[in-house]
Each structure stands twice: as structure tokens, then as C-alpha cells.
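**Q** what's the 3D shape of this:
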Amino acid sequence: MMGLQEISDRLEIQDLFARYSFAIDERDWDALDALFTENAVIDYSGSGGIRGSVAEIKRWLPAALARFPRYQHLVATTKLRLDGDHATSRTILFNPMVHRDADGVEQTFFIGLWYRDILLRTPQGWRIAERCEDPGYVYNAPEMAPVPALPRA
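**A** So this is what the prediction gives:
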């Protein structure tokens, strides 16, 4: 049976993952600062993106997602291992996206992947210290140019 601390930790981490999804979907890049640790590493390379710090990811995301007028990040089914102030998790992501090509033609496609995270309890609450995307599948993806590189600071 779960104790109150474990129940609280699980709910706080679930909320952390939801706030990440909303930050990305609302293009609120500055919200990422409250979700990750100061020295966090974010690795989107499994899905063709970059690996970098929160600051680098915040500079990269606007260019990388510009060709997608709409998308949703739906997280579910987290496998969570708690160990005091440290946790690891693997979470399913279902990501419908709308791509707009140079001619304005839109096409909806779907991505399924897993977030593999290392989480730390900080004085400000649970934060993601490391996030890695592990690819699953892509369905109905249009022809697209490669993902842009990290813009220079």
C-alpha cells in the first residue's frame, strides 16, 4: 500500500509532465525553466532533434516547431520508480501534429514515443534532470525538410 509521501510524489510528477505538455503545446518556452533542473539535459535526437541544455532547447524549439501550426502532446501510462528524492520514469507520448508545407497545404500525422526521464526533488518541487525521447512509430508523416539545427546565440 502506498504511503502519503508516495501518493504526493506521484501526483506532483504527473502534474510536472502535464505542465511540460502544456508549455510545449502553448509555445510557452519560458515555462520550461520551472520544469527542469538548472543543469538539465534534454535529448530529442531520437526523433531527429537536438540534445542540449534548457537554454539551448528554448532557442531551438521555435524554429523546429514553426512548420507545425497545431499539435498536442498527450502523456499517459507512466512507469515510475521512486527512490527518496530521486526518480526514474518511462512515459508514453501520443503526439498528433499538423504539418504545413511551403504551399500552405496541411497534413495531420501521428507520432508515438516514450519519454525516459530522471527526476529530482528540489526545494521548488520535482524537476526533470534529464529527458530523452525514445522513438516508437510515425504514421502518415508528410515529406519534410530536416529538422533545423540549433540557432546561434
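**Q** pull the longest strand from the chain.
**A** Using DSSP state E to define each element, the chain has its longest strand at strand 106-122.
**Q** May I have the strands that pair with it, each with its orientation?
**A** The partner list of strand 106-122 in its sheet, established with DSSP bridges, is strand 86-100 (antiparallel), strand 125-139 (antiparallel).
**Q** Any buried residues in that strand, and which?
**A** Within strand 106-122, the residues that qualify as buried are 109, 111, 113-121, counting by 16 or more other C-beta atoms under 10 Å. Bear in mind the C-beta positions are built from the backbone N, C-alpha and C, glycine included.
**Q** where does this structure have low pLDDT?
**A** Judged against pLDDT under 70, the low-scoring parts of the chain cover residues 153.
**Q** rerun at 80
**A** Low-confidence regions of the chain, defined here as pLDDT under 80, cover residues 151-153.
**Q** about what we covered before: pick the one among the buried residues of strand 106-122 closest to Met1.
**A** Distance to Met1, by C-beta to C-beta, is smallest for Arg121 among the buried residues of strand 106-122, at 21.6 Å.
**Q** Okay, and the beta partners of the closest one?
**A** According to DSSP bridges, Trp126 are recorded as the beta-bridge partners of Arg121.
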